[in-house]
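1. predicted structure and sequence below. I'll ask about it afterward.
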Protein chains: 2
Amino acid sequence: MSKATIKQVAAEAEVSTATVSRVLNESGYVSPEVKERVFGAIAKLNYQPSAIARSLKQDKTFMIGVVVPDISNPYFMGISRGIEDVVGPEGFQLLFCSSDESPEKEARLLQLLYEKRVDAIVLATSGGNAARIGALAASGQPVVLVDRRLETDEDAPPLDLVAEDNAQSAYELTKALLDRGHIRIGVVNGLTRVSTGRERLEGVLRAMKERGLEDRLLVYSGDFSTDGGVRAVQRFLREKERPTAVVSLNNRMSHGVLLELVRCGLRIPGDMAVASYGEVEAGQLLKEPGLFYLDQAPYDMGLKAGEILLRRIRKEDGPAEPFNEIFHHEVKQIR
Amino acid sequence: MSKATIKQVAAEAEVSTATVSRVLNESGYVSPEVKERVFGAIAKLNYQPSAIARSLKQDKTFMIGVVVPDISNPYFMGISRGIEDVVGPEGFQLLFCSSDESPEKEARLLQLLYEKRVDAIVLATSGGNAARIGALAASGQPVVLVDRRLETDEDAPPLDLVAEDNAQSAYELTKALLDRGHIRIGVVNGLTRVSTGRERLEGVLRAMKERGLEDRLLVYSGDFSTDGGVRAVQRFLREKERPTAVVSLNNRMSHGVLLELVRCGLRIPGDMAVASYGEVEAGQLLKEPGLFYLDQAPYDMGLKAGEILLRRIRKEDGPAEPFNEIFHHEVKQIR
């Protein structure tokens, strides 16, 4: 089958080629009725515009790459949904990539997206790629960081960032347990090569130190995974002096903590109090209320990231100061 | 900064340009030590090979597009993980796209992936695009369907498919409830424009008919969403003659069913028995055991899809019969 041209599509739809182009690029107003005729003609003729030719002409691919460490984590998907609700109506498509907390995989994905000429990259970094990411941004590729900041590097120009007040929130979460009289506390920590891992642990330590209880803290590295939460509980329960409360520093690990406590027949919070950095969807199903959690707002963070993306892609701000949006969230309790 | 060439990279790394090319394309053996030197040179010179030039030369982009209706559903992420574990070691990267159960969005994403010359597309369709997908496959783009088959169209050539025995599994799930004496059953159904929605409902109906109970079935359309499960329960509880059991036909809706039952203070299965098509991660946290679920194996399905992808991309099979892999899973009960 010979390839259809845009002229043939226009003739079939009885519109101008400019109208076909507007429909394809989702730019300018085209009535729904005309749009339908154009799509009908495209389908009938099996017209395939060359994206490469188009992207070279327009200097835009209308693709935004989103690289996150765990694509199935509802937190990152909440951020993505917020981004999409801002950039989608402007004609941009999101391509998701999962780095699986692997710096090597992240590096490969960033390279791929750069080569594919995406208009911008949204990144929740797995760590270890600060220099590479700085170089990418310096070469003109818009990069917006979400959730996780780069390792501090004084030479590197700061990048746009939408993140949380991790240390303060983890501090408040720990205080919720201390205020209920817990003094022996187990903390399930994330990856310390990642900023959220470091900052949250710092917040927990500050709360313990204020009460002179830093020696009573048990720290288990749970790698941000459900399995990490499970293993942390197993470890805490083997302790001679068991903790009476657990602070878990992301939603995945908290899910594992709850699963394992329930599996062991322990009541929450009767036998073990739990405070989770982030909401655990399953928390509502617990036998008793009482779970503490930090009520994150990933969707709102995504909306903010989406706005920044559009400004950067449209070069509205020139070489201005980077955006630095820090969200603060509240500690709540399931009742 | 002027752009570095592959020759400069080769000189810097003290290797041949062919070796640089092998490293970039992940083809052929290169020792880890040489690889590291090449990557070091690439980083130092900020070398950016043109992916477009490369893809035209090699006729491969090493990208596989994965289009699913709900990117944050652990079921689809399980399939994706299986695919990645097969194709990743062969140098392919997955790009995920979420159609959000929207046929229009799916159509746009398929077009985008085609234009970006991905080597293959994995699709769990949101429905409504059978003709478009058939045309895509006919034009030589490898397409592997997972979980959901296309609307039957006798003219269309069948495509590779990795799916489940939906009708039979839903039949067995319903029988588990009937065998425990339930006769008034509420079913939370998915989207009937999608094959899994149609086939699972068909299985439920068959089980009810066998007992002459088809009139006692309450059907609520839950759109495969958590919210749909919540609303279904609200609706069932308003019934004059309440059902004593609920069959929910995907994991998302089941999650909503459990949340709402617990919120209403009902015990599971004491006050309401529940059978879920697919595992609900949160099910382990229920006050009492007893939840029935179909134990799906998305990861294994992904492995199979990955094998098919490699064969199709490498054109090992020529224009052979399409693969048609149907998995059957067992009904289990949380104890």
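-> Alright, I've got the coordinates. Since this is a predicted model, take the numbers as computed values, not measurements.

2. what sits against the closest residue to A:R263 other than its chain neighbours?
-> Spatially, and ignoring its direct neighbours in sequence, A:R263 is nearest to B:Q284 (6.9 Å; C-beta to C-beta, 6 or more residues apart in numbering or on different chains). From N, CA and C alone the C-beta is placed, and that goes for glycine too. Taking C-beta atoms under 8 Å, 6 or more residues apart in numbering or on different chains as the criterion, B:Q284 is in contact with A:L259, A:V262, A:R263, B:I334.

3. just put the residues you listed in a markdown table and tack on pLDDT, distance to A:G222 and neighbour count.
-> As requested, the contacts of B:Q284 are arranged in a markdown table below (pLDDT from 0 to 100; distance: C-beta to C-beta, whole Å; neighbours: other C-beta atoms under 10 Å in any protein chain shown):
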| residue | pLDDT | distance to A:G222 | neighbour count |
| --- | --- | --- | --- |
| A:L259 | 92 | 13 | 21 |
| A:V262 | 90 | 17 | 19 |
| A:R263 | 90 | 16 | 13 |
| B:I334 | 85 | 25 | 17 |
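
4. pipe those into TSV and attach secondary structure per row.
-> Below are those laid out as TSV (DSSP: H, G, I helix; E, B strand; the rest coil):
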residue	secondary structure
A:L259	helix
A:V262	helix
A:R263	helix
B:I334	coil
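
5. one step back: my guess is the residue nearest to A:R263 is in a helix, correct?
-> Yes: according to three-state DSSP, B:Q284 belongs to a helix.

6. pull the helix or strand with minimum mean pLDDT from chain A.
-> helix A:51-58 (a mean of 45; mean pLDDT, DSSP states H and E).

7. and the very next helix or strand once past it, which residues are buried?
-> Per DSSP states H and E, the first helix or strand lying C-terminal to helix A:51-58 is strand A:63-68. For strand A:63-68, burial by neighbour count (16 or more other C-beta atoms under 10 Å in any protein chain shown) applies to A:M63, A:I64, A:G65, A:V66, A:V67, A:V68.

8. could you chop chain A up by domain?
-> By the assignment in automatic domain parsing, chain A contains the domains A:6-49, A:60-164+A:299-328, A:166-295.

9. distance to B:V38 added to those domains, as CSV?
-> Shown next, in CSV, are these (distance: least, C-beta to C-beta, whole Å):
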stretch, distance to B:V38
domain A:6-49, 36
domain A:60-164+A:299-328, 13
domain A:166-295, 24
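
10. is A:R37 in a helix, a strand, or coil?
-> helix.

11. measure A:G212 to A:V246 for me?
-> 21 Å (C-beta to C-beta, to the nearest Å).

12. looking at these two, which is more packed in?
-> Legend: neighbour count by other C-beta atoms under 10 Å in any protein chain shown for A:G212 and A:V246, higher for A:V246 (29 against 9).

13. need the pLDDT of A:E281.
-> A:E281 is assigned a predicted lDDT (pLDDT) of 80.

14. helices of the stretch 51-200 of chain A, start to end?
-> A:51-58, A:74-87, A:103-115, A:130-138, A:166-178, A:195-210 (DSSP state H, counting those that start in this stretch).

15. and the stretch 201-335 of chain A, by the same measure?
-> Going by DSSP H, counting those that start in this stretch, the stretch 201-335 of chain A shows helices at A:226-238, A:251-263, A:298-313.

16. could you identify which of the ones you listed is most buried?
-> helix A:251-263 (a mean of 24; mean count of other C-beta atoms under 10 Å in any protein chain shown).

17. where's the spatially most central residue of chain A relative to B:E307, distance?
-> Nearest to the mean C-alpha position of chain A, counting by C-alpha atoms, centre = their mean, stands A:F76 at 3.4 Å. Going from A:F76 to B:E307 by C-beta to C-beta gives 29 Å.

18. now do A:T19
-> Distance, A:T19 to B:E307, using C-beta to C-beta: 45 Å.

19. over to A:Y75?
-> 32 Å.

20. tell me who's in contact with A:G82.
-> A:P298, A:Y299, A:D300, A:M301, A:G302, A:L303, A:K304, A:A305, A:G306.

21. okay but the fifth one is in contact with A:F76, surely?
-> Spelled out, it's A:G302. No: the criterion here is C-beta atoms under 8 Å, and A:G302 misses it with A:F76 at 9.3 Å.

22. taking the stretch 101-250 of chain A, what residue is nearest to chain B?
-> Minimum separation of the stretch 101-250 of chain A from chain B (C-beta to the nearest C-beta) falls at A:E115, amounting to 3.2 Å.

23. again with the stretch 151-300 of chain A
-> Closest contact between the stretch 151-300 of chain A and chain B, by C-beta to the nearest C-beta, is at A:A282 (3.1 Å).

24. chain B contacts on the stretch 201-335 of chain A?
-> A:H255, A:L258, A:L259, A:V262, A:R263, A:E281, A:A282, A:G283, A:Q284, A:L285, A:L286, A:K287 (C-beta under 8 Å from any C-beta of the partner chain).
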